[in-house]
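S.K.: Sequence first, then the predicted structure:
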Amino acid sequence: LVGTSIAALEGHEINWLPFTLVLVISALVQGYPTHILNEIFDWKSGADSHELRAQKSGGSKVLQARLLNIKDLWIAFGISNVLIAVLALICVSAINSKILLYFILPGYLSGLLYSLPPFRFSYRPFLGEWLGGFAGIFFLVLGSFYVQAGSVNNFAVLTAVSLGLIFVGIMIFFHYLDFTTDKLAKPPKNTTVVDRKSGE
């Protein structure tokens with residue numbers, strides 16, 4: 001929405017098909033593959049399965065509430081990835097291949113590698129916030145601007161960086177809430193907060 005709004009502010013006519021495609025793809029990537037992997041691997045490590053977690057932020061809690069099991073989540077992961085792949089190919093056809101290579105794919109990877117072993121950015125100080133959170137927001141804002149303008153400019157980059165930094169702050173706030181259970185996880189979910197507070 002922000003990237004598209006900047007493009008409109010600069011006088012570009014809104015092309016609704018690319019807007020819709022980017023909106024749906026970003027919602028799917030964030031809502032399903034990214035969070036499904038986070039749910040599965042935080043559950044397995046214990047970061048989301050301790051009783052204290054009920055009072056903290058945690059994941060979506062579908063495993064904790066026994067609404068789904070891990071097999072169900074892997075099925076949802078597969079289905080959502082098929083949908084994302086189909087929509088990404090439509091994006092390439094409707095826009096060009098750059099939207100896939102420079103924006104969708106990096107954003108998708110930043111979401112997956114946030115939780116997926118052996119990378120597991122969320123379990124390493126600084127990497128989770130910067131290669132997961134910041135990068136995901138940065139590519140999304142810039143990509144949504146690109147599909148309307150056909151290029152990027154300094155103002156779009158500055159806006160993407162600004163929103164990415166805000167998101168890093170939000171992530172760190174939730175890491176403070178999750179400090180106890182993140183530290184108890186095996187392997188420890190060594191977020192920036194856990195790393196800093198444990199060293200004090």
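M.R.: Thanks, I have the structure now. Numbering: from 1, shown residues only.
S.K.: can you give me the helices in this structure?
M.R.: For the chain, the helices defined by DSSP state H cover 2-9, 16-29, 35-45, 70-94, 97-98, 105-112, 127, 135-149, 154-177, 179-184, 192-198.
S.K.: buried residues in the longest one?
M.R.: This means helix 70-94. Taking 16 or more other CB atoms under 10 Å as the basis for neighbour counts, the residues of helix 70-94 that come out buried are 73, 76-77, 80-81, 84, 87-88, 91. For every residue, glycine as well, the C-beta is placed using N, CA and C.
S.K.: Equivalent analysis for stretch 181-199, please.
M.R.: Judged by neighbour count (16+ other CB under 10 Å), stretch 181-199 contains these buried residues: 181-185, 188-194.
S.K.: and Phe174, how many residues sit next to it?
M.R.: Burial measure for Phe174: 14 neighbouring residues, criterion other CB atoms under 10 Å.
S.K.: Against Tyr32, how distant is it?
M.R.: According to CB to CB, to the nearest Å, Phe174 stands 20 Å off from Tyr32.
S.K.: Likewise for Lys61?
M.R.: In this view, Lys61 and Tyr32 are 16 Å apart by CB to CB.
S.K.: Might you report the residue contacts of Ala94?
M.R.: Counting by CB atoms under 8 Å, 6 or more residues apart in numbering, Ala94 touches 17-18, 21.
S.K.: got CSV for these, with neighbour count too?
M.R.: Below are the contacts of Ala94 laid out as CSV (neighbours: other CB atoms under 10 Å):
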residue, neighbour count
Leu17, 12
Pro18, 20
Leu21, 20
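S.K.: May I see those residues organised as JSON lines, with distance to Phe103 and pLDDT added?
M.R.: Putting those into JSON lines (distance: CB to CB, whole Å; pLDDT from 0 to 100) gives the following:
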{"residue": "Leu17", "distance to Phe103": "16", "pLDDT": "94"}
{"residue": "Pro18", "distance to Phe103": "11", "pLDDT": "92"}
{"residue": "Leu21", "distance to Phe103": "12", "pLDDT": "94"}
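S.K.: export the helices of the chain to CSV and tack on distance to Pro118?
M.R.: Compiled in CSV, the helices of the chain are given as follows (distance: least, CB to CB, whole Å):
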stretch, distance to Pro118
helix 2-9, 32
helix 16-29, 21
helix 35-45, 11
helix 70-94, 18
helix 97-98, 29
helix 105-112, 13
helix 127, 12
helix 135-149, 18
helix 154-177, 21
helix 179-184, 19
helix 192-198, 19
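S.K.: Can you check which of the ones you listed gets nearest to Arg120?
M.R.: Shortest distance between Arg120 and the helices of the chain, using CB to CB, is found for helix 35-45: 7.1 Å.
S.K.: Lowest mean pLDDT among the helices and strands, pick that one out for the chain.
M.R.: Comparing every helix and strand of the chain by mean pLDDT, DSSP states H and E singles out helix 192-198 as the least confident one, with a mean of 78.
S.K.: which strands and helices sit next to it?
M.R.: Using 3 or more CB pairs under 8 Å, 6 or more residues apart in numbering; DSSP states H and E, the elements in contact with helix 192-198 are helix 154-177, helix 179-184.
S.K.: So which of the ones you listed is the most surrounded?
M.R.: The highest mean neighbour count among the helices and strands packed on helix 192-198, using mean count of other CB atoms under 10 Å, belongs to helix 179-184: a mean of 19.
S.K.: Thank you, goodbye.
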